[in-house]
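A.B. asks: make a model of this:
(5 chains, ligands or ions: 4)
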Amino acid sequence: MAADTQHAVLPAARAPGLATRTRGWLAAAAWPLASFAVLLLVWEWAVPALEIPEYILPVPSAFLAKLVEAHALIFDHTLVTAKEILLGFLMATVISIPLGFLIVSVRLLEKAVYPIIVFFQLVPKIAIAPLFVVWFGFGLFPKVLLTFLLCFFPTLVASMTGFRALDERVLYLTRSMGASGWQTFRYVRVPAALSYIFSGLKVSIVFAATGAIVGEFVGANAGLGYLLLRGTSFLDMPLIFACLVALSVVGILFSYAVEMLEGLLMPWQRKGRHED
Amino acid sequence: MAADTQHAVLPAARAPGLATRTRGWLAAAAWPLASFAVLLLVWEWAVPALEIPEYILPVPSAFLAKLVEAHALIFDHTLVTAKEILLGFLMATVISIPLGFLIVSVRLLEKAVYPIIVFFQLVPKIAIAPLFVVWFGFGLFPKVLLTFLLCFFPTLVASMTGFRALDERVLYLTRSMGASGWQTFRYVRVPAALSYIFSGLKVSIVFAATGAIVGEFVGANAGLGYLLLRGTSFLDMPLIFACLVALSVVGILFSYAVEMLEGLLMPWQRKGRHED
Amino acid sequence: MNAPMSDIAKAADAASIEGRQIVKTFGGFTAVDNVSFTIGKGEFVSLIGPSGCGKSTLMLIAAGLQPLSTGEIVVNGAPLDRPLTDIGIVFQDHLLLDFRTALDNVLLQAEIRGLPMEPARARAMELFEKLGIAHAADRYPRQLSGGMRQRVSIARALIHNPSVLMMDEPFGALDAITRTQIRHDLELLWMETGKTVLFITHSLEEAIGLSDRVLVMSPSPGRIVDEIRIELPRPRPAHLGDYPSFNIYADRIHALFRQFGVIKY
Amino acid sequence: MNAPMSDIAKAADAASIEGRQIVKTFGGFTAVDNVSFTIGKGEFVSLIGPSGCGKSTLMLIAAGLQPLSTGEIVVNGAPLDRPLTDIGIVFQDHLLLDFRTALDNVLLQAEIRGLPMEPARARAMELFEKLGIAHAADRYPRQLSGGMRQRVSIARALIHNPSVLMMDEPFGALDAITRTQIRHDLELLWMETGKTVLFITHSLEEAIGLSDRVLVMSPSPGRIVDEIRIELPRPRPAHLGDYPSFNIYADRIHALFRQFGVIKY
Amino acid sequence: SAQEKLTPMKLTLNFLAAGPNAGFMYAKKLGLYEKAGIDLTIEEGKGSGTTAQQVATGQTDVGFADAPAAMQLRTKGAPVKIVAPVLQTNGFAIISLKETGINTPQDLVGKTVAVQPGTAQTTLLDAILAANNIDKSQVNIVNIDPGAFVGAVLEKKVDAILGGADYHSIQMRDRGFEVTDLFYRDVGVPTVGLSIIARDDRIEKDADLYKRFVAASLAGWEAARKNPDEAAAAVLEQFPSVTKEQITKQFDVVFKLMCAPGAKRLGEVPEKNWEATYTLLTTYLDLPKDKPISDYYTTALLPADAPACE
Ligand SMILES: Nc1ncnc2c1ncn2[C@@H]1O[C@H](COP(=O)(O)OP(=O)(O)OP(=O)(O)O)[C@@H](O)[C@H]1O
Ligand SMILES: Nc1ncnc2c1ncn2[C@@H]1O[C@H](COP(=O)(O)OP(=O)(O)OP(=O)(O)O)[C@@H](O)[C@H]1O
Ligand SMILES: [Mg+2]
Ligand SMILES: [Mg+2]
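C.D. replies: Ligands and ions are numbered 1, 2, ... in the order given. Predicted coordinates for the structure are as follows:
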């Protein structure tokens, strides 16, 4: 039965083959790649043409060369940052979705706890980040915590909206089936809220990168944020931009991972969009 | 007719009276206020009890006193920050919602432009903020720009999700009425996407504060971020926390403004939630 | 559905349901006004009345799904304070989950109730076969026609063989012909299994063709204004007009409706 | 609706609609298979067929709302390459906007078409009155009963007095009695205004009671297998059984359905 | 009117307004700039590197920045020149709690040192380590935000910080801790400190304006040195969010740095200090040797009658 219920929420088996979809993505990637190529060419040409000095804006060839030249170094630091992003994001996801449900379900929580969460959310984490160093030191923890804090709220708000959006009448159905709270959550509320939740997760994963980077800015000896600061301290513009590229690639990979997961978990939406 | 169409999207007239609702809010505020009072009392008591030094965590009485003492100064700087937040947030809202619609509607845009937007979103703005100073100086503009950039994506993603969530069959209706693209947008797509859009706006407004603050950190002569930095550089913990309080209050006010607007624009949801 | 289902509930398992002075208001609006009724164990009772009179509301209340304003529901002699669960319900608006295929919508019953999945799947397909939607088992609700959605919802109400059935205009979206067929099938199923049934319909043919008793409701605020015991032999034929008493029952209801002002001819 | 509407379209304004060898597939599945039909100016044509046979799909195609796989729709002699707009449609699933009240749902027609609002509002209320839902004008769809939702959708299709009407099982959720009444009202309206009507139904009574011609579709993949010209005087009575020819028509359709295997008796 | 004759000018400080840049505020208060025909706006900065960049891009007319930061930017092609060093040696120090026992650079081995990336302190640490034959890998260096400097030392998350004796040490002593300042200038890194910088083309075109600015500024600094109380009051007046106490304490450190050993007048750094700076930067910080040190600064704008060092 376990396998079966799994299948009910994750009907991946009925999705089109992975190979087919990968091919689809590659085709889809052609357009943005072309746009990028154009962008980079214009940039390469415009910077010398407009006499923009290198310490203000490097040309793409300069930082792409740096990226190749220092790839081993950059790769190591990228791994560190990716790990922080992943951990913080996962923590936020795992905590905020059930919490969102709880808050929506329990009147008292909505009244008493939610405003406090909102308040603490409204305290700009970036501003208290330096205190994190004093409180928690330099390890992995303060970065993951910061990432977590930045991811937490978007997912929470999105899942709350999602859980609220459910047509209440659907609950007649589960109630008449004698569903437990957990079953209703798992079989009805989560899938129904999923498109909202993913909208939140897509925002979250973007802010996760910011969280990790700021965490590294504030105190670290590894990671892309650290490398970026090193670049800044030597005014090494190509290194700065190489780091930004690496960071963006990490962001894109995570972002696509979330979108892939969305397609996998919500086959009913996928079918809808590509029909006709 | 203008008045009439207005009313169709903004049926505020049918909402319960503002006075009634204000009273409702006050009652609703009792709970969180009580929670806060408890929190502050525990804090005040715990800090000396646990022998936590002042430079790690000040007691609430210390920074609340500072808040009172320096209220004129803090208020001036608060206004500056509030203005930056408001401008950036409004810009992002006004641009990202129609853009989200455009991207969802036009295949080519979805293919070619959206990935680029995603990419630029994925470049952590916090990391390039220092470059903003070099490029744009210390004025209002770089702060508003940063705020805009941070708000832009959550609203964009949310509105895209919202515009996509519409049951396509509803478009049969508008098409058979010969509705123009704008009419469909205004009468059907926006209201249908509204709960998603507001979910995005609620996230945005939170990040708007972060954007303004970071913008000020990086280079400013006014604003709460500037004041915070002053506090930090002289380790004036009460000032730091007083600023955090002011910042949070600004955040809360904006956040409530968004929620109020949501209630006003979506009377059908409000009715739903409070019935039975 | 005319074949006996694999495991048949005894009439003894069925429940009696009683409503006592039920009032339901929405804000200031009274939807159901002081309604009392009883449905005996294994009895088939229909509810008929003009649109908006409170039939669906009353059914939800009887199933323990909507809070009532005053009054109470008594099941097997005990007041009902939670949703009835040994029940299959066909809701008026189907309430299929968009994110599950037709088959998975039906299997939700089995999953939530913890029934063994393989037999449930087999039975679901059996029901789909009988309802003529087996080919669409893997489609999502969006991809089904109106009638197909309704059939899925009927299959979902039957798959776990509950002892109480409540059906809110279950055959509304079916074609007239299938409707007669499925009405016949339901009658046979009921005769075999002795379920307690509350059946909401707009159709005199269905009400008279299926019920032991028909309750007639007045327009809003809904009250029960007549109760008609249908004394016809079972199983009843497709062409009810064959019984002279059919017209007597039908005319009695017609007369009421004319009195309500629902019909003018 | 039996009172003449304030501004009545002339039959000359009505459109003729022709379908030529229409095929519609969803993925690999053929929903409509090579269907041709014509609806003359001011003609009332019904489409009847088992559930899932493609009736709704065909209607959407005829209204220019769904792309067809092959074939074409010709309106007044010209190929249709965009949605028909001088039209009122009752969709099978009502398609009311959740975020507008019943009245505002109807007024959407006026707003989008740029009609003057005050007369539109008055007419909407007039229609609501006739349909018996005037008291619910300010409720949101969620707060309406199934039948009330359907009436709102009917009012929306009529408020702008279009010259073409397409109705997909418009009376499905109404009680049998109201149904007969409203059928009669629709017939009178049609006789006065001479609209071109495509009417989808499961009910033999409605098809035969309203139409100039009835098209009968086969089960999926949908084809038109019969076309019956109904030669009965108008207005037709509530009890069609009074005409002997009614039963001849009905039996002809019954026979087809029995042939399809939809009915077994 | 008189105002119309004044030339508007914008000065960007190295950081937040406080003791280390008080001379400008005091000069402004004394009306020295007005007398020199300048309508001066003072803007706070965000680190020397950023200020130098602002000067280079023309966002500001004059900057106040650490000399090495300005020089590094120049090697990237930015046309910024050092016009008048106000602090002739830097005030950088390796700051630690006395109990940690960091009294010589060698004591850093095996310790954790917090640095703020982007500052001259940080880039010059390599020079200190090299000058004292310390293997860099034996010192654990962490980047932390300056906001966390003091807390991190007091909480013993780090053993030492590379800070300013004018900022961080003062804050620690304020809280009753005993602090050791190991000054850069005492461990072989006496680079030139905070200086007035400007763009090549501007000082060429408006040489007279810049001369007047430098003269007025140096006079202001001289006056501040004489009247620390009033100078502190001037800072407070223009930038109200500091405390007078802190500024006064900063003066104790800052005023000592205004003249390098052997210097004759304010703004005029002895050749040997320039040479030392050049050697340090070329040896340890990849400053290219293709240009002589004289390319990085000019003395042409210094007034002949600059205040003398005692
Ligand atoms: N979007 C879709 N994707 C896939 N299949 C579809 C889609 N829409 C309709 N179908 C299929 O096309 C067939 C015809 O559907 P349609 O809704 O036209 O039937 P219908 O005759 O109106 O049935 P009913 O009387 O039950 O409303 C059905 O088998 C249905 O499952
Ligand atoms: N949530 C609600 N809020 C307000 N009014 C409601 C709500 N639900 C139902 N009503 C009203 O209660 C009355 C009865 O509704 P109900 O759905 O029970 O009618 P019904 O008899 O089932 O009608 P139909 O035959 O059209 O389905 C209607 O007037 C309806 O508008
Ligand atoms: Mg109902
Ligand atoms: Mg249909």
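A.B. asks: close to ligand 4: what parts of the stretch 101-250 of chain C are there?
C.D. replies: With CB under 5 Å from the ion as the criterion, the stretch 101-250 of chain C meets ligand 4 at residues C:145, C:146. Just so you know, the C-beta spots here come from the backbone N, C-alpha and C atoms, and that holds for glycine as well.
A.B. asks: on the pLDDT front, check the residue of the stretch 101-250 of chain C at minimum distance from chain B for me.
C.D. replies: Going by CB to the nearest CB, chain B is nearest to residue C:142 of the stretch 101-250 of chain C, at 8.2 Å. The confidence metric pLDDT takes the value 86 at residue C:142.
A.B. asks: so it makes contact with residue C:97?
C.D. replies: No - the pair residue C:142 / residue C:97 is not scored as a contact, 11.3 Å apart, by CB atoms under 8 Å.
A.B. asks: settle it for me: which of those two has more neighbours?
C.D. replies: residue C:97 (19 against 15; other CB atoms under 10 Å in any protein chain shown).
A.B. asks: with adjacent residues omitted, what lies nearest to that one?
C.D. replies: Closest residue to residue C:97 apart from its sequence neighbours, by CB to CB, 6 or more residues apart in numbering or on different chains: residue C:105 at 5.7 Å.
A.B. asks: enumerate the residues of the stretch 101-250 of chain C near ligand 2.
C.D. replies: Residues of the stretch 101-250 of chain C that fall close to ligand 2, judged by CB under 6 Å from any ligand atom: residue C:220.
A.B. asks: skipping adjacent residues, who's closest to the most centrally placed residue in chain E in space?
C.D. replies: Centroid-nearest residue in chain E: residue E:194, 2.5 Å away (criterion: CA atoms, centre = their mean). Excluding the flanking residues, the one nearest residue E:194 by CB to CB, 6+ apart is residue E:87, at 4.4 Å.
A.B. asks: list the contacts for that neighbour?
C.D. replies: The neighbourhood of residue E:87, defined by CB atoms under 8 Å, 6 or more residues apart in numbering or on different chains, consists of E:20, E:192, E:193, E:194, E:195, E:254, E:257, E:258.
A.B. asks: and the residue of the stretch 101-250 of chain C closest to chain B, how far is that from residue C:100?
C.D. replies: Separation of residue C:142 from residue C:100 (CB to CB, to the nearest Å): 11 Å.
A.B. asks: overlap in contacts of the two?
C.D. replies: residue A:268.
A.B. asks: surely residue E:106 meets residue E:131?
C.D. replies: No - with contact defined as CB under 8 Å, residue E:106 does not reach residue E:131; the gap is 11.6 Å.
A.B. asks: those two: which has the busier surroundings?
C.D. replies: residue E:131 (16 against 10).
A.B. asks: sticking with the spatially closest residue to that one that is not a sequence neighbour, tell me its helix or strand.
C.D. replies: The shortest distance from residue E:131 to any non-neighbouring residue, by CB to CB, 6+ apart, is to residue E:188 (3.9 Å). Residue E:188 belongs to no helix or strand when assigned by DSSP states H and E.
A.B. asks: tell me the contacts of residue E:58?
C.D. replies: So residue E:58 contacts residue E:199 (CB under 8 Å, 6+ apart).
A.B. asks: which parts of chain E are strands?
C.D. replies: With DSSP state E as the criterion, chain E has strands at E:7-12, E:38-43, E:62-66, E:80-85, E:92-97, E:112-115, E:140-144, E:160-164, E:179-183, E:194-199.
A.B. asks: list the buried ones in the helix or strand hosting residue C:185?
C.D. replies: Per DSSP H and E, residue C:185 falls inside helix C:176-193. Neighbour counts over helix C:176-193 (16 or more other CB atoms under 10 Å in any protein chain shown) mark C:176-187, C:189-190, C:192-193 as buried.
A.B. asks: low-confidence ranges, the stretch 101-250 of chain A, go.
C.D. replies: A:233-235 (pLDDT under 70).
A.B. asks: show the pLDDT at residue 271.
C.D. replies: In the absence of a named chain, this looks at chain A. pLDDT recorded at residue A:271 is 44.
A.B. asks: ah, I was thinking of chain E
C.D. replies: 90.
A.B. asks: next one: it from residue E:263, what distance?
C.D. replies: Applying CB to CB to residue E:271 and residue E:263 gives a distance of 11 Å.
A.B. asks: those two: who's more crowded?
C.D. replies: Using other CB under 10 Å as the criterion, residue E:271 and residue E:263 rank with residue E:263 on top: 18 against 11.
A.B. asks: which residues sit in contact with the more buried one?
C.D. replies: E:88, E:269, E:270, E:273, E:309.
A.B. asks: can you rerun that using 10 Å?
C.D. replies: With contacts defined as CB atoms under 10 Å, 6 or more residues apart in numbering or on different chains, residue E:263 is in contact with E:85, E:88, E:89, E:269, E:270, E:273, E:308, E:309.
A.B. asks: kindly report the same for residue A:244.
C.D. replies: Applying CB under 10 Å, 6+ apart to residue A:244 gives the contacts A:63, A:224, A:228, A:231, B:122, B:123, B:124, B:127, B:128, B:131.
A.B. asks: tell me the angle the host helix or strand of the fourth one makes with strand E:140-144.
C.D. replies: In this structure, residue A:231 sits in helix A:224-233 according to DSSP H and E. Going by axes from the mean of the first three to the mean of the last three CA atoms, to 10 degrees, helix A:224-233 is angled at 90 degrees with respect to strand E:140-144.
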